[in-house]
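Enquirer: Take a look and give me a structure for this.
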Amino acid sequence: MGETAFTVFSKIGLTNNFSFRPAAVVSDKAVFLLPVTIDFPVESFTDFGESQIIAVPYIGGGAAISTSEGSSVGFLLTGGVDVRLSPEFTATAGVNVGFLDKTDVGLMLGIGYNF
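Expert: Numbering: from 1, shown residues only. Below is the predicted model:
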């Protein structure tokens, strides 16, 4: 939602298949993203038959709130994938489409710390 921006994001698991993924995108203005997503965990099995989640594709929607002149609130569509790198770190890639004063599309790439 900005040409080049810094993003702080989070994932709060509500159930095994639903998450709240708030984010703040900061450039010359700030945009707050408040989506709820449906998660589709992809599992693999170890040699010992233990299940482990290796990736979580997701899709969802919610609200986008812009703080630019004449602040606005609009609908948000989001989709992406989280890939677990280790017990501590997860890589994420996502696309956000915000319908504010105009339609904005943003690509988010990052590494998250799991706690």
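
Enquirer: Residue most distant from the centroid, the chain?
Expert: Here the chain reaches farthest from its C-alpha mean at F48, the gap being 32.3 Å by CA atoms, centre = their mean.

Enquirer: Helix, strand, or coil at that residue?
Expert: coil (DSSP: H, G, I helix; E, B strand; the rest coil).

Enquirer: most centrally placed residue in this protein?
Expert: Closest-to-mean residue, the chain, CA atoms, centre = their mean: R21 / 5.2 Å.

Enquirer: Can you check what pLDDT the model gives that residue?
Expert: The model reports R21 with a pLDDT of 96.

Enquirer: can you give me phi and psi for it?
Expert: phi -120, psi 70 (degrees, to the nearest 10).

Enquirer: correct me, but it touches S10?
Expert: Yes - counting by CB atoms under 8 Å, R21 touches S10, with 6.8 Å between them. For every residue, glycine as well, the C-beta is placed using N, CA and C.

Enquirer: pLDDT below threshold where in the protein?
Expert: Applying pLDDT under 70 to the chain flags residues 1-3.

Enquirer: Where do the strands of it begin and end?
Expert: 6-9, 12-13, 18-20, 23-26, 30-39, 42-45, 51-66, 72-84, 89-99, 103-113 (DSSP state E).
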